[in-house]
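Asker: Sequence first, predicted model second:
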Amino acid sequence: MADEKKPSYEQAREELTEVVRRLEAGGLSLEQSIELWERGERLAALCEEWLQGARVKLAAAMAQRRHSDVSGGPF
């Protein structure tokens, strides 16, 4: 996946949903199932990476807001 363009969170989540659907439907060979499982693992890790980045940005924004509330008050 290193040489692939990194999908957005929404694209990764949508593809992960499709991978899960295909695995649950069954009818795949063991090799196909393993390949899909591995793709699902990579997509899940990518989604977690996106979410962790969002958590960091949110925490920074909240800290900045707290800082400006404390130092920027009228009194």
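Answerer: That came through fine.

Asker: Look up the closest residue to S33, ignoring the ones flanking it.
Answerer: The spatial neighbour of S33 that comes closest, neighbours along the chain excluded (Cβ to Cβ, 6 or more residues apart in numbering), is L23 at 6.4 Å. Backbone N, C-alpha and C define where each C-beta goes, glycine included.

Asker: same check, this time on L43
Answerer: With Cβ to Cβ, 6+ apart, the residue lying closest to L43 is L16, at 4.1 Å.

Asker: quick one: that neighbour and A45 touch, right?
Answerer: No - judged on Cβ atoms under 8 Å, L16 makes no contact with A45 at a distance of 10.2 Å.

Asker: Look at the two and report which has more neighbours.
Answerer: The neighbour comparison of L16 against A45 (other Cβ atoms under 10 Å) goes to L16, with 18 against 12.

Asker: Would you mind measuring from the more buried one to R42?
Answerer: 9 Å (Cβ to Cβ, to the nearest Å).

Asker: And R66, by the same measure?
Answerer: 36 Å.

Asker: Which one's more surrounded, those two?
Answerer: Between R66 and R42, R42 has the larger neighbour count (other Cβ under 10 Å), namely 16 against 10.

Asker: Read off the pLDDT value for that one.
Answerer: R42 carries a pLDDT value of 97.

Asker: just to revisit the earlier point, mind checking what helix or strand follows the helix or strand harbouring the residue nearest to L43 in sequence?
Answerer: According to DSSP states H and E, L16 maps onto helix 9-25. Using DSSP H and E, the helix or strand that directly follows helix 9-25 along the chain is helix 30-71.
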